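**Q** Here's a sequence, model it:
(4 chains)
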Protein chains: 4
Amino acid sequence: MNNKKYDFELEFKVRDYECDLQGVVNNSVYQNYLEHTRHEFMKTIGLDFSDMFQRGIVAVVARIELAYKQALQSGDRFVCNLNVEQNGLKYIFYQDIYRLPDQKLCLKAMVTTTTIINGRLACSDEIAKTIEKVVAKREI
Amino acid sequence: MNNKKYDFELEFKVRDYECDLQGVVNNSVYQNYLEHTRHEFMKTIGLDFSDMFQRGIVAVVARIELAYKQALQSGDRFVCNLNVEQNGLKYIFYQDIYRLPDQKLCLKAMVTTTTIINGRLACSDEIAKTIEKVVAKREI
Amino acid sequence: MNNKKYDFELEFKVRDYECDLQGVVNNSVYQNYLEHTRHEFMKTIGLDFSDMFQRGIVAVVARIELAYKQALQSGDRFVCNLNVEQNGLKYIFYQDIYRLPDQKLCLKAMVTTTTIINGRLACSDEIAKTIEKVVAKREI
Amino acid sequence: MNNKKYDFELEFKVRDYECDLQGVVNNSVYQNYLEHTRHEFMKTIGLDFSDMFQRGIVAVVARIELAYKQALQSGDRFVCNLNVEQNGLKYIFYQDIYRLPDQKLCLKAMVTTTTIINGRLACSDEIAKTIEKVVAKREI
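**A** Have a look, this model is predicted:
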């Protein structure tokens, strides 16, 4: 069961074209769900992935760890959640996927991202300040 | 502008992973939108694509015609609509995609589907009767 | 059987993640095959899709017509062929997919493309001259 | 540089539709490359993913760890390699992706797979014996 509190959560529904010949969502598609959730979260705090890229701030995934717990299948509804932490030049997203309505845990993910500015790993003040606010707000 | 009446409409939001290196939704992804809309429509009238497949009723696309009018891009919301007609063993879906909120027409599609039962083109009574009801209801 | 002569052909092998819950290649994936074949063809005549985009020449699909003849499945090898014709500001690609080794026709496609330069439909001299050479060479 | 010896390697070329709006291969697509490489490897040792599924042997990914080192982009050729180890009911695939021709390391992956038979985690003798042979052969 999902009793944790998250910085953000987004509801999805499995689309049939996301399922593979085993009749379940293909493993790679969970990364799509995770990415879309991160990008939607970013928008809610004023950061736009596409817009940042246009301005030379390239957000990239450095590392991803996925533990598959329960396969999603045709017709399933689910939520993808996230919490974010800063660690030096890295932003770490803890993301879980729970099936609805039974709240069965389907996937646990840890996604380590960073930013490349002018071709180099670098801290974006814009991102740093925004994420700090999220973390500060959570800790109150 | 979109003043037509449709049998069904579904709202979507572009996901960044659906965009290609031109920064717009890749052409093939529109077929995903169209398929998901047809399958969701089918569910509202009691027909489930995955469940029918399990029971040996294989719904297939025989022909698809797409006219691309306006590219969707990162962050765009849109609706995918459909009307359905029966023509012998074929079900023809007329599907349009309109960007929101400006109702700009993005795609016009005609998707001809049929069913294969026991390895042969065949009419599924279950589908035929259900679609007839949709058409009858519309004509009142 | 495939006895026609084509301007270009490319061999592929179905990848399992391209198959959907019916156990066959998902309909949208054929557009991926067609696109990749067009882009590889373009490279053989000196035109690079990504490079043209960087230089402001945006090649786009205006219209696509697909007739699905035989579903490809896990493990299938196939070729995707093309012939190209110019018609005003449009380039029309006739593309067929044949399964190997039995040369069974799987898909017939007509893909109408055009180019947008500085935000307007426009003729790219670079593309026009290159395609003309392909057509001229074929007619000898 | 890539001096290691692998149980299997497969060459690919980036397809433009695999690139996202940052102009590089989308993170999720690497899982497609990894999966296709594992399935092709399996075939070379007599195990077919799709065929096993038909017979009730469901090979699944339990855990995946990806370290992204260098983004692949339009036109890049690359190899995806693998080594396999058995550990109880799990098969662990160590998979690396190297860009060609410069052999630059792009991705390091560890993919933990297992099998579900009749709905339960179980050892497939067929898989176990086949993988043992691969490992034995390597150690000679």
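
**Q** contact partners of the helix or strand hosting residue A:131?
**A** Taking DSSP states H and E as the criterion, residue A:131 maps to helix A:125-139. Contact partners of helix A:125-139, identified using CB atoms under 8 Å, 6 or more residues apart in numbering or on different chains, comprise A:5, A:7, A:45-47, A:52, A:57, A:59, A:83-86, A:91, A:115. Where C-beta positions appear, they are placed from N, C-alpha and C, glycine not excepted.

**Q** where does chain A dip in pLDDT?
**A** Scanning chain A for pLDDT under 70 picks out A:1-3, A:140.

**Q** Around chain B, pick out the residues from it.
**A** A:15-17, A:19, A:23, A:32, A:35-36, A:39, A:43, A:48-50, A:73-75 (CB under 8 Å from any CB of the partner chain).

**Q** Recalculate using a threshold of 6 Å.
**A** Counting by CB under 6 Å from any CB of the partner chain, chain A comes close to chain B at A:15-17, A:32, A:35-36, A:39, A:49-50, A:74.

**Q** Could you restrict those residues to the ones contacting chain C?
**A** residue A:17.

**Q** Need the max-distance pair from the residues of chain A next to chain B.
**A** Pairwise distances across those (CB to CB) peak at 30.2 Å, for the pair A:50 and A:74.

**Q** For the two, indicate the residue with more neighbours.
**A** Each of residue A:50 and residue A:74 has its neighbours counted (other CB atoms under 10 Å in any protein chain shown); residue A:74 has more, 22 against 18.

**Q** That one contacts residue B:48, correct?
**A** No: if you go by CB atoms under 6 Å, residue A:74 and residue B:48 don't touch, sitting 8.0 Å apart.

**Q** Let me know whether stretch A:79-90 sits next to chain D.
**A** No: Stretch A:79-90 lies out of reach of chain D by CB under 6 Å from any CB, never closer than 12.6 Å.

**Q** So for that stretch, what gets flagged as buried?
**A** For stretch A:79-90, burial by neighbour count (16 or more other CB atoms under 10 Å in any protein chain shown) applies to A:79-84.

**Q** that older thread, kindly reformat the residues of chain A next to chain B as CSV containing secondary structure.
**A** Formatted as CSV, those follow (DSSP: H, G, I helix; E, B strand; the rest coil):
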residue, secondary structure
A:15, coil
A:16, helix
A:17, helix
A:32, helix
A:35, helix
A:36, helix
A:39, helix
A:49, helix
A:50, helix
A:74, coil
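
**Q** Same list, the residues of chain A next to chain B, but as TSV with distance to residue C:138 please.
**A** Listed next are the residues of chain A next to chain B as TSV, based on distance: CB to CB, whole Å:
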residue	distance to residue C:138
A:15	41
A:16	41
A:17	37
A:32	41
A:35	44
A:36	45
A:39	46
A:49	44
A:50	41
A:74	46
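
**Q** what does chain A have sitting close to chain C?
**A** So chain A meets chain C at A:17, A:19-21, A:23, A:26 (CB under 6 Å from any CB).

**Q** Next, count neighbours for the closest residue to residue A:44 other than its chain neighbours.
**A** Nearest residue to residue A:44 in three dimensions, chain neighbours excluded: residue A:8, at 6.5 Å (CB to CB, 6 or more residues apart in numbering or on different chains). Other residues lying near residue A:8 total 19 when counted by other CB under 10 Å.

**Q** so how far is chain B from residue A:8?
**A** 15 Å (CB to the nearest CB, to the nearest Å).

**Q** Surely residue A:103 is in a strand?
**A** No: going by three-state DSSP, the assignment for residue A:103 is coil, not a strand.

**Q** Can you report phi and psi for it?
**A** Residue A:103 has phi and psi values of phi 60, psi 30 when expressed as degrees, to the nearest 10.

**Q** I'd like the distance between it and chain D.
**A** In this view, residue A:103 and chain D are 21 Å apart by CB to the nearest CB.

**Q** can you list the residues of chain A near chain D?
**A** Within reach of chain D by CB under 6 Å from any CB, chain A has these residues: A:21-22, A:27-28, A:31-32, A:50, A:53, A:61-68.

**Q** So which of those sit within helices?
**A** Applying DSSP state H to the residues of chain A next to chain D, the entries found in helices are A:27-28, A:31-32, A:50, A:53.
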